[in-house]
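Peer 1: Everything below, folded, please.
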Amino acid sequence: MRAIVVFLILCLSSSVYGQLAEEITFSEKQFDFGTVKEEDGPIIHEFKFINNSEKPISILNVKASCGCTTPDWSKEPVAPGESGFVQAQYNPRNRPGQFNKSLTITTDYNDQPIRLYIKGNVTPKPKSIEEELPVSMNGLRVKYRSLNMGKVYTTDEPTVKTFEVYNDTDSAITFKQEMEGPKYISVSFEPQTLEPKAKGQISVSYNGKLKNDLGFSNDNLNFYTDQSEDLAQKSVSVFATVLEYFPPLTPEEMEDAPKLKIESTTHDFGKISKDSKVNTKFVLTNTGQSPLKIRKVDSNCDCTTAEVEKETVKPGKSVELEVAFDAYGRKGNQQKSVTIYSNDPRNPVQRVTIKTYVQAQ
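Peer 2: Numbers count the residues shown, from 1 in each chain. You can find the predicted model right below:
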């Protein structure tokens, strides 16, 4: 008997909710714009509804789920039997791809919100050459004047990356073989002669083994074209992070390898005066089975120096890394890091961090 009563209550509640929901009837609650073009600008759809109740209904507010969607609606009360609208304007600028947004409507009829949905797919606006390749180098356009090689490893095989270039002049440009830069970087061009208003590629080859150093590197590179003397030289920067290469190891070889463990990776000096020079020590332990070799320690600021007491650490032994910070010329919160490069194949690059607050007085 109790189950029957509960069932009847649920049915009655559902019926009442259905009646309330039907008092404001939208012709549709979801609209698909399909595929639209970004360059065509904002798109608009109007959802229409009818007031099926016996009293005027006012829309109190319409809230969009995203700032990209601007709502509008009937501001005057909608009389019984009359129709009103809710409008959704979607701005596709800088929003390529699929979108699915909602509008939440509140009325003075009841406290039950109504939700409408818009969706579609925005095809991106074609970029001009100036937008795609914004940097001009005397008639040649590139995306960046700095060419980022990313991670480069110490192998015999150099890392090669290509970068787009565009001839923005009305004459063909030929790239010369002449180049000024470090011996571990070389460049080539495809095609060697770039026709006017045409695209080509700059290929940068970076030999990490020949570089013979680890960590972040920034090198200047000059190459030349057959343009007039005042336009011929092109200068770019080449960025790379050089990392040691470790060949694949068997589980047994990995078990026998060195392993760097840092007891604590952060030290906070607290508040210090503006003329202070402070230092601390980090303990580096080799928990592996082979000698650990500290290849390099490198700080990210001239204000911070780091020195390890010994570069080779036997299994089970520890060494101290001394890190010093000079507060001269600095104030407020400071956070600096020291990167440790080692022959630990599991984790060859690790960091320690120092923090402090430099007081102005």
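
Peer 1: so is the residue most central in space within the chain in a helix, a strand, or just coil?
Peer 2: Nearest residue to the geometric centre of the chain (C-alpha atoms, centre = their mean): residue 150, 14.3 Å. At residue 150 the chain is in strand, as set by DSSP: H, G, I helix; E, B strand; the rest coil.

Peer 1: Test my guess that it contacts residue 243.
Peer 2: No - the pair residue 150 and residue 243 does not pass the contact test of C-beta atoms under 8 Å, sitting 10.3 Å apart. Heads up, the C-betas are built off the backbone N, CA and C, glycines and all.

Peer 1: State whether residue 350 and residue 259 are indeed in contact, as I suppose.
Peer 2: No - with contact defined as C-beta under 8 Å, residue 350 does not count as touching residue 259 (11.0 Å).

Peer 1: need the strands for the stretch 101-250 of the chain, in chain order.
Peer 2: 114-123, 135-137, 140-142, 146-153, 159-167, 173-180, 185-190, 193-194, 199-206, 215-225, 233-243 (DSSP state E, counting those that start in this stretch).

Peer 1: who's in contact with the residue nearest to the centre of the chain?
Peer 2: 159, 161, 240-241 (C-beta atoms under 8 Å, 6 or more residues apart in numbering).

Peer 1: Can you pull out the residues in contact with the helix or strand containing residue 255?
Peer 2: If you go by DSSP states H and E, residue 255 is part of helix 251-256. With C-beta under 8 Å, 6+ apart as the test, helix 251-256 has contacts from 288-290, 345-346.

Peer 1: Just the element for residue 341, please.
Peer 2: Using DSSP H and E, residue 341 falls in strand 332-342.

Peer 1: Counting neighbours, what do you get for residue 64?
Peer 2: Residues near residue 64, counting by other C-beta atoms under 10 Å, number 18.

Peer 1: Equivalent analysis for residue 90, please.
Peer 2: By other C-beta under 10 Å, 22 other residues sit near residue 90.

Peer 1: Over to residue 353?
Peer 2: Neighbour tally, residue 353, other C-beta under 10 Å: 15.

Peer 1: Confirm it sits in a strand?
Peer 2: Yes - counting by three-state DSSP, residue 353 is part of a strand.

Peer 1: Between residue 350 and residue 259, point out the one with more neighbours.
Peer 2: residue 259 (19 against 16).

Peer 1: excluding its backbone neighbours, what's nearest that one?
Peer 2: With sequence-adjacent residues excluded and distances taken as C-beta to C-beta, 6 or more residues apart in numbering, residue 259 is closest to residue 288, at 3.4 Å.

Peer 1: wait, isn't the one you found in contact with residue 314?
Peer 2: No - Residue 288 is beyond contact range of residue 314, at 10.1 Å (criterion: C-beta under 8 Å).

Peer 1: Run through the residues that contact residue 318.
Peer 2: Per C-beta under 8 Å, 6+ apart, neighbours of residue 318: 283-286.

Peer 1: Kindly recompute the last result at 6 Å.
Peer 2: 283, 285 (C-beta atoms under 6 Å, 6 or more residues apart in numbering).

Peer 1: Next: residue 159.
Peer 2: Here residue 159 is in contact with 149, 152, 206 (criterion: C-beta under 6 Å, 6+ apart).

Peer 1: If you rank the residues you listed by neighbours, which is first?
Peer 2: residue 206 leads those on contacts (other C-beta under 10 Å) with 25 neighbours.

Peer 1: gap between that one and residue 345?
Peer 2: Separation of residue 206 from residue 345 (C-beta to C-beta, to the nearest Å) stands at 22 Å.

Peer 1: Can you name the residues bridging to residue 137?
Peer 2: For residue 137, the beta-bridge partners are residue 140 (DSSP bridges).

Peer 1: returning to what we had before: distance check, the residue nearest to residue 259 against residue 253.
Peer 2: 11 Å.

Peer 1: Of those two, give the one with the bigger neighbour count.
Peer 2: The neighbour count for residue 288 versus residue 253, taken as other C-beta under 10 Å, is higher for residue 288 (22 against 12).

Peer 1: what's the pLDDT at the more buried one?
Peer 2: Per-residue confidence (pLDDT) for residue 288: 97.

Peer 1: and residue 86, what does it touch?
Peer 2: Taking C-beta under 6 Å, 6+ apart, we find residue 86 in contact with 47, 62, 73.

Peer 1: can those go into a markdown table with extra columns for secondary structure and pLDDT?
Peer 2: Formatted as a markdown table, those follow (DSSP: H, G, I helix; E, B strand; the rest coil; pLDDT from 0 to 100):
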| residue | secondary structure | pLDDT |
| --- | --- | --- |
| 47 | strand | 97 |
| 62 | strand | 97 |
| 73 | strand | 97 |
